[in-house]
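Enquirer: here is a sequence together with a model predicted from it:
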Amino acid sequence: MPSPTMFTLGDLSWASFLSLLLGIFIGHRLALGRDKRKELYDAGKELRDAFVEIQRLLEINPPANPAVGNDWQKTIKLVRKFYQQHHSAVVRFEHHLPSRKKTSFRNCWYQYCCYDKQNNCETFSDYESEQMNEELEKRHLAISRINKLLEFTRV
């Protein structure tokens, strides 16, 4: 009568080998996920860094005497001046975003740039102002749109 052993030596070897392969596969998948999260974090940091200077400049109040020089510039001039830097950071960041968030992020970017779909260009038209009281509203608008973009970096 054969002994009631559960595994033979050959069966045990195959089970060990399959467990090893499964462990390698799961470990590899976890490492890939960790690497993707790190890449997204790094791209998010780069995006936040790209907007630091314009945020600082937008928070400067206009001078009481415009003849006295300081860092103050009109909002439309600032967003146009930093456009290339921002656009480059946005393109690099968007590449790392999960597919389900790319459309929302792109819409926030278009809103920030006042994108004209008909002419396929950025207009920045929402930031134009004639009077100083309008200028402060435009600054707040730009800052709020920047903050919406940067919310995506807190994934």
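Expert: Okay, I see it.

Enquirer: immediately after the longest helix along the chain, which helix or strand?
Expert: Identified as the longest helix of the chain according to DSSP state H is helix 9-58. Using DSSP states H and E, the helix or strand that follows helix 9-58 in sequence is helix 75-81.

Enquirer: what's the mean pLDDT across that following helix?
Expert: If you average the pLDDT over helix 75-81, you get 94.

Enquirer: quick one: list the elements packing against that helix.
Expert: Other helices and strands packing on helix 75-81, by 3 or more CB pairs under 8 Å, 6 or more residues apart in numbering; DSSP states H and E, are helix 9-58, helix 132-151. Glycine gets a C-beta too; all of them are placed from N, C-alpha and C.

Enquirer: and the ones you listed, which one is worst for confidence?
Expert: helix 9-58 (a mean of 86).

Enquirer: nearest to Ser99, of the helices and strands packed on helix 75-81?
Expert: Among those, helix 9-58 comes nearest to Ser99, with 12.4 Å by CB to CB.

Enquirer: still on that earlier bit, and the angle for the longest helix of the chain with helix 132-151?
Expert: Per axes from the mean of the first three to the mean of the last three CA atoms, to 10 degrees, the angle that helix 9-58 makes with helix 132-151 is 170 degrees.

Enquirer: which strands or helices does helix 9-58 pack on?
Expert: helix 75-81, helix 83-96, helix 132-151.

Enquirer: right, and these - which one's nearest Asp35?
Expert: If we rank the helices and strands packed on helix 9-58 by CB to CB, the stretch that ends up nearest is helix 83-96, at 10.9 Å.

Enquirer: quick one: buried residues of that closest one?
Expert: His86, Ala89, Val90, Phe93, Glu94, His96 (16 or more other CB atoms under 10 Å).

Enquirer: which non-adjacent residue is nearest the first one?
Expert: Put plainly, it is His86. Counting by CB to CB, 6 or more residues apart in numbering, His86 lies nearest to Ala50, which is 5.7 Å off, once chain neighbours are set aside.

Enquirer: which residues does the one you found contact?
Expert: Ala50 makes contact with Phe82, Gln85, His86, Ser88, Ala89, according to CB atoms under 8 Å, 6 or more residues apart in numbering.

Enquirer: relative to Ala142, which of those is nearest.
Expert: Nearest to Ala142 among these, counting by CB to CB, is Phe82 at 10.4 Å.

Enquirer: can I assume the closest one is in contact with Val52?
Expert: No: if you go by CB atoms under 8 Å, Phe82 and Val52 don't touch, sitting 10.4 Å apart.
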